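J.: Dropping a prediction and its sequence here:
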Amino acid sequence: MYLMKDITRDGNPVLRKRAAEVSFPLSDEDQQLAKEMMKYLEVSQDPELCEKYKLRAGVGLAAPQVGVSKQMAAVLVPSPDEDGEPLFKDVIINPVIVSESVQYGALTEGEGCLSVDKDVPGYVPRHDRITLRYQDVNGKTHKVRLKHYPAIVCQHEIDHLHGVLFYDHINKENPFEAPADTVMIS
Ligand SMILES: Cc1nc(NNC(=O)[C@H](CC2CCCC2)CN(O)CO)c(F)c(N2CCN3CCOC[C@@H]3C2)n1
Ligand code: NI
């Protein structure tokens, strides 16, 4: 199971590389990687286990963040109401954003990153809606339309696969400025 010591931090070149495509069928190593990344998110979202293992909670985790430069990320976006199904839960492999809204969306609270220890205040303008194509661990291709919160999370993870970090998007002059008619997501 991954602990915070296993998370690569900003400054490690692996976070600024374009990750390599994953080939199918998945090697045992890649299957284990997918499982471990999703496990981290599940454990980190359990208050007791999160505390027990001193984790930072997460709704997404990309392979470069555990030192593996491969096009793979785990995403676990819980439903707003406790008992509901997650808004999105899957390990996205070789993801491609095939279309995106002109309209921006941004988390009202700004963003953080398990690989960035410092707080970087400011809005992170992303596309409010995306159509995402990816393969799951079985090699099955999915094409999903996402909006608001899950769309933001997936864009944050896909950025990691392209060597981009969230603060790269923050307006240097005015961090809390967002483009006109940006959807603010809480
Ligand atoms: C929004 C949020 N970001 C959390 N952390 N940061 C992350 O996930 C980073 C990725 C996210 C940062 C902004 C967009 C993607 C990790 N990243 O670096 C991966 O690349 C959270 F932990 C969190 N939630 C809300 C849901 N809650 C359910 C119960 O358990 C606690 C959990 C807390 N929401
Ligand atoms: Ni991140």
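T.: That came through fine. Numbers count the residues shown, from 1 in each chain. Ligands and ions are numbered 1, 2, ... in the order given.
J.: quick one, longest helix in this protein?
T.: Longest helix in the chain, counting residues (DSSP state H): helix 28-44.
J.: Give me the residues contacting it.
T.: Contacts to helix 28-44, defined as CB atoms under 8 Å, 6 or more residues apart in numbering, come from residues 1-2, 22, 26, 49-50, 53, 55-61, 63, 66, 68, 70, 72-76, 89, 91, 93, 137. Every C-beta, even on glycine, is put in place using the N, C-alpha and C of the backbone.
J.: right, quick check: it against ligand 1, any contact?
T.: No - Helix 28-44 stays clear of ligand 1 (CB under 6 Å from any ligand atom), getting no nearer than 6.7 Å.
J.: For that helix, what does the pLDDT average out to?
T.: For helix 28-44, the mean pLDDT works out to 98.
J.: continuing past that helix, what's the next helix or strand?
T.: Beyond helix 28-44 on the C-terminal side, the first helix or strand identified by DSSP states H and E is helix 47-52.
J.: Please name every helix or strand in contact with that next one.
T.: Identification of packing neighbours for helix 47-52 by 3 or more CB pairs under 8 Å, 6 or more residues apart in numbering; DSSP states H and E yields helix 28-44.
J.: Measure how the longest strand seen in the chain sits relative to helix 28-44, angle-wise.
T.: The longest strand of the chain (DSSP state E) is strand 88-100. Following axes from the mean of the first three to the mean of the last three CA atoms, to 10 degrees, one obtains 110 degrees for the angle between strand 88-100 and helix 28-44.
J.: Just give the strands next to the very next helix or strand once past strand 88-100 in its sheet, each with its orientation.
T.: For strand 88-100, the following helix or strand on the C-terminal side (DSSP H and E) is strand 104-107. Strand 104-107 pairs in its sheet with strand 126-127 (antiparallel), strand 183-185 (parallel), by DSSP bridges.
J.: Reformat those as CSV; add distance to ligand 1, mean neighbour count and mean pLDDT.
T.: Formatted as CSV, the strands paired with strand 104-107 follow (distance: least, CB to the nearest ligand atom, whole Å; neighbours: other CB atoms under 10 Å; pLDDT from 0 to 100):
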stretch, distance to ligand 1, mean neighbour count, mean pLDDT
strand 126-127, 9, 22, 98
strand 183-185, 9, 16, 98
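J.: Ligand 1 contacts on the chain?
T.: So the chain meets ligand 1 at 45, 57-62, 65, 78, 107, 111-115, 152-153, 156-157, 160 (CB under 6 Å from any ligand atom).
J.: what pLDDT does residue 82 get?
T.: 79.
J.: what's near enough to touch it?
T.: Residue 82 sits in contact with no residue, where contact means CB under 8 Å, 6+ apart.
J.: does it sit in a helix, a strand or a coil?
T.: Following DSSP: H, G, I helix; E, B strand; the rest coil, residue 82 is assigned to coil.
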